[in-house]
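[1] Here is my input, please return the structure:
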Amino acid sequence: MIAVLALSALPAQAMTLTEMSASIEACHTPAPIEETVAALGQEGWIAVDGPLGPEIIELLIWPQVAFYATGDTGGAQIRAIVDLQRKTVAGFARKADIPQSKTRILTRQIGADREAVLVFWLQPDPATTNIICRFALSPHSMIAHTAGDFGPPSVAQTTPTQRFSITPMNAASLAAKIDAPVTVSGTLETQFSFPSQE
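    Below you'll find the model as predicted:
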């Protein structure tokens, strides 16, 4: 497992991912969502029940925003994307489980830093289960430097059924554009597909 992962995919981009191996492993293990949450709990992540407070929403928007901002934005400005994702993230907390789709939200406190993760457990067909984890990380877990608002997503590991990618963020630049504090230094997304278990 990788305790510290350093990437320098581009001259204007450098990243160090620290002590996230066990959290990635939890999201890359075939299991019901309750077991994924329990495994994340071993790393200090605590499930959030009920409506999300503003602080958690402000953390969880960034994996969503990064996804759109590093892809085709359709010309939308970053402030508009952020406003839309605040509403989207708030809706995740109200989403009821169905057999084919379950969502969990967890946070953890590391010193003065708070981090959050969205966990999606999906069965697009009866034979396949997908687990997707989207982490909003603080400087404690991810040190990132990028010239733009977001660096290009970098795939840090790939196998036929699992991968994770990290996206560095320029928090100061983003804070100026949305006129609000940004405490997230980057995002990490894991994807894992496995045969559904009986």
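
[2] Measure how far the strand ranked longest in the chain is from the centre of its chain, please.
    What stands out as the longest strand in the chain, according to DSSP state E, is strand 113-125. Remark: strand 113-125 is offset 7 Å from the chain centroid, using C-alpha atoms, centre = their mean, to the nearest Å.

[3] Any stretches of the protein with poor pLDDT?
    1-15, 72-75, 198 (pLDDT under 70).

[4] Could I get the full set of strands for it?
    Under DSSP E, the chain gives strands at 4-10, 13-18, 46-47, 101-110, 113-125, 128-137, 142-146, 154-158, 162-168, 186-195.

[5] buried set for the longest one?
    Going by neighbour count (16 or more other C-beta atoms under 10 Å), the buried part of strand 113-125 is 114-121. Just so you know, the C-beta spots here come from the backbone N, C-alpha and C atoms, and that holds for glycine as well.

[6] Report all helices and strands that that strand contacts.
    Applying 3 or more C-beta pairs under 8 Å, 6 or more residues apart in numbering; DSSP states H and E, we find strand 113-125 packed against helix 33-41, helix 54-69, strand 101-110, strand 128-137.

[7] is it possible to export the ones you listed to JSON lines including distance to Leu84 and mean neighbour count?
    Converted to JSON lines, those look like this (distance: least, C-beta to C-beta, whole Å; neighbours: other C-beta atoms under 10 Å):
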{"stretch": "helix 33-41", "distance to Leu84": "26", "mean neighbour count": "17"}
{"stretch": "helix 54-69", "distance to Leu84": "9", "mean neighbour count": "22"}
{"stretch": "strand 101-110", "distance to Leu84": "18", "mean neighbour count": "18"}
{"stretch": "strand 128-137", "distance to Leu84": "16", "mean neighbour count": "23"}
